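> Need coordinates for the below:
(3 chains)
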Amino acid sequence: MSAAVAEAPAATRVHYLNADYGVKSWLLTTDHKRIALLYLGTITLMFFVGGTMAVIMRMHLIDPAGALVQPATYNKLFTMHGIIMIFFFLIPSIPAVLGNFLVPMMIGARDLAFPRINLLSWYIFIVGASLALYSLVAGGVDTGWTFYTPYSSTYSNTHVIPMALGVFIAGFTSILTGLNFIVTIHKMRAPGLTWFRMPLFLWAMYATSLIMILGTPVVAITIFLVGLERLLRVGIFDPALGGDPLLFQHLFWFYSHPAVYIMILPGMGVVSELVTCFSRKKIFGYSFVAFSSMAIAVISFLVWGHHMFVSGQSIYAGLIFSLLSFLVGIPYAIKVFNWTATLHQGSISYEAPMLYALGFIGLFTMGGLTGLFLASLATDVHLNGTYFIVAHFHYIMVGGAVMAYMGGIHFWWPKITGRLYPDLWARLAAAIIFIGFNLTFFPQFMLGYLGMPRRYATYPAEFQVLNVMSSAGATILGIGYLIPLVYLFWSMRYGPIAPPNPWRAKGLEWQTPSPPPTQNFDVTPVVTEEAYSYGPPEAAREAAHG
Amino acid sequence: MELLNPNAIGGLLAQAVPRWPGFPLHPVRASTIAEGVDDLHFFLTAITLFFTFIIFTVIFYFMVRYRRRSADEQPPETITNMALELTWTLVPTALCVVVFVWSSSLYFQNSRAPNASMEIFVIGKQWMWHLQHPEGVREIDELHVPVGVPVKLTMTSQDVIHDFYVPAFRVKKDVLPGRYTSIWFQATRTGRFHFFCTQYCGTGHAVMIGWVYVMTPDDYAAWLAGGTRGETMTQAGERLFHQYGCVTCHVAEGSGRGPSLVGQFGKPQKLRDGETLLVDEAFLRRAITQPNSMPIPNYAPVMPSFQGQLSEEQILQLIAYVKSLAQEERKGTGQ
Amino acid sequence: MAEAAIPRAAEHPPYLAHHFSDIEQQNEAGTLGMWVFLVTEIMFFGGLFAGYTIYRYLYLPGFEAGSRLLEVQFGAINTAVLIGSSLTMALAVRSAQLGRRKALIGFLVLTILLGLVFLGVKFNFEWIHDYHEHLVPGMGFSHPGPHEPAIQLFFCFYFFMTGLHALHMIVGVGIMAVLIAMAARGKFDGGHYSPIEVSGLYWHFVDIVWIFLFPLLYLVGGRY
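Below you'll find the predicted structure:
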């Protein structure tokens, strides 16, 4: 199916980027596509702020006595790196940029259900991010992104309150975005687009949104309580005043564990899109992949105690959380196997988005399997609080989520900007990132088992060799991330004009011109086939009538 | 990890020459549980490598075999295979259950301190560790223990949450303010092993480290005897019991305003609201710091709180004294 | 493949947003959106209720003592006031359904007035009084006695929970004021009253939160 698309040169055709000019048209826009770009700019900035901190930390750690900064500064660096990367980059990344842009387009709608709330959520994000940056500039925070009490509520003398306020406010961005996606997906699907014909990216966005709306309010109130405790010197979480520090941990992790699934599920949605398009095949096991996303959303709320196996939690609670933590891995395994099976008998090409998708599958498999070591009580006792944990979550967050984000950005770049980027440079960057990433984080698994604790500004000399290897890899990884910054910017001005569907992909978003008009569709599409109908045309006809 | 035998001259030489670590895969195994934990760890490593290898290989194979050769290639229709889906769901589930059972039983085993454990008390504070032997010897950032004897560490923090971790023993536990946590280990070789604080606690987190010295029982006895002569914990506790006036109410014969503490440690105590608690370290600590949070029958809740007046160390000494009253009662000698 | 035509500008009523295909879709989206929002509010208050539950279990005598220091008569009056305001809100929705503009505005005004009574009783009779009795944590809290730390903890939760609730009431009053302005301009005359319904949902939710707060905070003392 294809709508009649004007092939007029972009210069004369009106689309969402040139429909209106001026700062006001951007800052007061309600167009989900422009809002997605506002987010893109903001989170890219935050990524490089957080990334700079990572570079400084890795360079500092080449010397056991610390090469660059004082311990107090190092402690602020790892804290702010975590806060910025998690709350101000990863959590918004795919949902706020790709989700905002694509959810209406993939369901054949003209916008999200609540466009003004969408714009409001970006402004809320700006306020939260500004408070975080203010806290950084004013001297930073050194509590760790986990804000454990009573250190954060009573003992730390850094700028906890503005940072806590910034994170609290930014949480509302997630809540409103999630709310918008849920209502949009329920109520605004185009005629013929049943739940089981939706692209898997939408299932992933839906599952992510459920987690966002249920989990974020809990961490919001928890962080707010920490701030109040600091301000009023009351003892909600401080044992000296009758409070319970473990209560903080339970409330914090009740959100923060599902939060990590907020960060990975959207990436998996992207990978489903990429793997199908670049092997030109329908996904293997559609309903399994769709249901696995929902299973993850549900089970994710039941496993938070695995962060607290050595915290003083009861052994029996530990058992339950351990079992559930093993089980939450099964839906992930199902996805990896289904993606792999999709490649079978496909027609596979290796443009940059596909390289990112394949990199994701490999690195996520490794990172996910190392989660088993941590779900397992006996080994977690030894590994908790060490570099093994750091390596585990970076494999998932960076090797997984960031690679999926990069893959998605590259895949939909022609649609978003109307330009093509130079694929050779893109593939080179993907390869450099893959290599640099493994060099940086693989040694950290070994460091962890050998016993090096995390969040250490200085460390015993016997850990130096592995640290230097990791830092060397970080240099390569850093270069890898700079390269796309250059060519993507370059392409916006000098890249070749993109056709409506450069990848010959299925999906309603590809039925519009690149870039799309403000209202997305001139006529509301009607959907008659399943998602990813790359198969032979007879099969699609049979599926539609069967 | 460096291994140093404090008794051998060879040890001195080893200390003088810098050593290439040679990429060890695990810390030295210096406790009874280390090998079991390593076995599970390497089994999980094998599973990880196995599945990673399978996925990578299959993907590479497909990448090459099914690479696009012409722009108009039409791959065949995808057919869902229920058998395959069930297999790759159930096999990982079964594997997970096996690992869970193995790991949980190992964990249970490793968590239960043997009854005859020697006890040492640990107080973490920003940014150092105080370790107290019952005989009275105190250490800072060092822990001397005998080899082959189960040792139980009862730990608390004076300020924020810390964590006590000995990689060579494979033990770790958070150390919390306001309560006691405990771990146990039995060292299997002599030597010197790192311990670390593993819960971020502020500026000096990375320097809150030290050494465990495992010695032969004879060497340990000699070390203990040569240590700073002072009162044992029980003696210190008895001194405090009098100094802070506890003895005025907690009369041994039971005729005071407070209950007698003779023989109470380790027994159940019913509270006014009907709940029954075990009189253990945690109970005593709470009784000293928040006495009226758990009123007991037959006694008016008039005990003052000693929160802020006694350091964690002093509380532990008082607890040691109260424990000793139970032992005396059992031995049949009165107070 | 059939192609559906989108409504042209002349065909759509002014209250239909351009991105919705028809008014039913817009109303359904609005209602679902409000329900989802209320779920997030449940989770938001839920964190506080969870904390309260744990500490009440740990420090029951202290919580009972703290609860007895509250003035239950004001809590009870406020409960009645809030239930009354939910009634007037429901009647406002009914009036909108029946197209009765004057009744609609009247009931909305009553709802606001009852909301303001609630807030007035809370601030003037309860909170000011608590401040003078040194029961506000962080503002000179002092209540010497065996349970002082637990009582302070109780009052932390009392003020946070009722404070958060009061904030939601203030927002609700603001929303009602906006609705009155819209009603006065005839926005709801054409049978389109979905904003009133959706705001009603919000108001009822705020009421229900209070129904939980009142017994948990005021009736713990065990003298009833």
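> Least confident secondary structure element in the chain?
As the question left the chain open, I've gone with chain A. helix A:537-545 (a mean of 60; mean pLDDT, DSSP states H and E).
> um, chain C though
The helix or strand of chain C with the poorest confidence is helix C:60-68; it has a mean of 89 (mean pLDDT, DSSP H and E).
> Pull out the buried residues from that helix.
Applying a neighbour-count criterion of 16 or more other CB atoms under 10 Å in any protein chain shown, one finds C:61, C:62, C:63, C:64, C:65, C:66, C:67 buried in helix C:60-68. C-beta here means a position set from N, CA and C on the backbone, and glycine is covered the same way.
> does chain B sit close to it?
Yes - counting by CB under 8 Å from any CB of the partner chain, chain B is contacted by helix C:60-68 at C:60, C:61, C:62.
> between those residues, which is closest to residue A:504?
Closest approach between the residues of helix C:60-68 next to chain B and residue A:504, by CB to CB: residue C:60, at 67.9 Å.
> for the closest residue to chain C within chain B, what are its contacts?
Closest residue of chain B to chain C, CB to the nearest CB: residue B:292 (3.7 Å). Contact analysis of residue B:292 by CB atoms under 8 Å, 6 or more residues apart in numbering or on different chains lists B:301, B:303, B:305, C:61, C:146, C:147.
> If we ignore the residues flanking it in sequence, what's nearest the residue in chain C positioned nearest to chain A?
Closest residue of chain C to chain A, CB to the nearest CB: residue C:138 (2.7 Å). Closest residue to residue C:138 apart from its sequence neighbours, by CB to CB, 6 or more residues apart in numbering or on different chains: residue A:232 at 2.7 Å.
> Which stretches in the stretch 151-300 of chain B count as helices?
Applying DSSP state H, counting those that start in this stretch to the stretch 151-300 of chain B gives helices spanning B:217-226, B:233-243, B:246-249, B:281-289.
> Turn those into TSV, columns for distance to residue A:442, mean neighbour count and mean pLDDT.
Output for the helices of the stretch 151-300 of chain B, formatted as TSV (distance: least, CB to CB, whole Å; neighbours: other CB atoms under 10 Å in any protein chain shown; pLDDT from 0 to 100):
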stretch	distance to residue A:442	mean neighbour count	mean pLDDT
helix B:217-226	41	13	90
helix B:233-243	47	18	92
helix B:246-249	58	15	90
helix B:281-289	42	19	90
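> mind putting the ones you listed in TSV, distance to chain C included?
As requested, the helices of the stretch 151-300 of chain B are exported to TSV (distance: least, CB to the nearest CB, whole Å):
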stretch	distance to chain C
helix B:217-226	40
helix B:233-243	22
helix B:246-249	15
helix B:281-289	10
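> Can you tell me which of those is nearest to residue B:132?
Here helix B:233-243 is closest among those (CB to CB), at 6.5 Å.
> Name the surrounding residues that touch the closest one.
B:121, B:132-136, B:230-231, B:246-247, B:250, B:310, B:314, B:316-324.
> Need the buried ones from those residues selected in PyMOL.
Typed into PyMOL, the line below selects the buried ones among the contacts of helix B:233-243, using 16+ other CB under 10 Å:
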select buried, chain B and resi 121+132+133+134+136+246+250+310+314+316+317+318+319+320+321+322+323+324
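> element containing residue 165?
By default, I'm working from chain A. Using DSSP states H and E, the element containing residue A:165 is helix A:160-187.
> That was the other one, I meant chain C.
Element membership for residue C:165 (DSSP H and E) is helix C:148-184.
> same check, this time on residue A:324
With DSSP H and E as the test, residue A:324 turns up in helix A:315-343.
> Is any residue of that helix near chain C?
No - figure legend: helix A:315-343 not in contact with chain C (CB under 8 Å from any CB); closest approach 14.0 Å.
> by contact count, what packs against the helix or strand following that helix?
Sequence order places helix A:352-375 as the next helix or strand after helix A:315-343, per DSSP H and E. Applying 3 or more CB pairs under 8 Å, 6 or more residues apart in numbering or on different chains; DSSP states H and E, one finds that helix A:352-375 contacts helix A:245-279, helix A:315-343, helix A:377-383, helix A:387-396, helix A:403-417, helix A:423-450, helix B:34-65, helix B:82-111.
> and the fifth one, how far from the chain's centre?
Right, the one you point to is helix A:403-417. Taking CA atoms, centre = their mean, to the nearest Å, one finds the center of helix A:403-417 at 14 Å from the center of the full chain.
> near chain B, anything from it?
No - Helix A:403-417 stays out of contact with chain B when judged by CB under 8 Å from any CB, the minimum separation being 14.6 Å.
> likewise the fourth one?
No - looking at helix A:387-396 against chain B by CB under 8 Å from any CB, there are no contacts, and the closest approach is 9.8 Å.
> so for that helix, what's the average pLDDT?
The average pLDDT within helix A:387-396 is 97.
> What of the last one?
Taken as a whole, helix B:82-111 carries a mean pLDDT of 94.
> The next helix or strand after that helix and chain A, any residue contact?
Downstream of helix B:82-111, the next assigned helix or strand under DSSP H and E is strand B:118-125. No - contact of strand B:118-125 with chain A (CB under 8 Å from any CB) is absent, the minimum separation being 11.1 Å.
> what lines up beside strand B:118-125 in the sheet?
Strand B:118-125 pairs in its sheet with strand B:128-132 (antiparallel), strand B:150-157 (parallel), by DSSP bridges.
> Low-confidence ranges, the stretch 201-335 of chain B, go.
Along the stretch 201-335 of chain B, the parts satisfying pLDDT under 70 run over B:228-229, B:327-335.
> which residue ranges form the strands in it?
Here the stretch 201-335 of chain B has its strands, by DSSP state E, counting those that start in this stretch, at B:210-215, B:268-270, B:276-278.
> what does the second one contact?
With contact meaning CB under 8 Å, 6+ apart, strand B:268-270 is reached by B:276, B:277, B:278, B:279, B:283, B:296, B:297.
> Direction included, what does it pair against?
Using DSSP bridges, strand B:268-270 pairs in its sheet with strand B:276-278 (antiparallel).
> Not counting the strand it pairs with itself, show me its contacts.
For strand B:276-278, contacts defined as CB under 8 Å, 6+ apart pick out B:266, B:267, B:268, B:269, B:270, B:271, B:283, B:294.
> In PyMOL, how would I select just the buried ones from those residues?
Command for PyMOL that selects the buried part of the contacts of strand B:276-278, burial taken from 16+ other CB under 10 Å:
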select buried, chain B and resi 269+283+294
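> Would you quantify the distance from residue C:210 to residue B:170?
To residue B:170, residue C:210 is 52 Å away according to CB to CB, to the nearest Å.
> So for the two, which residue has more residues nearby?
Of the pair residue C:210 and residue B:170, residue B:170 is the one with more neighbours under other CB atoms under 10 Å in any protein chain shown, namely 28 against 24.
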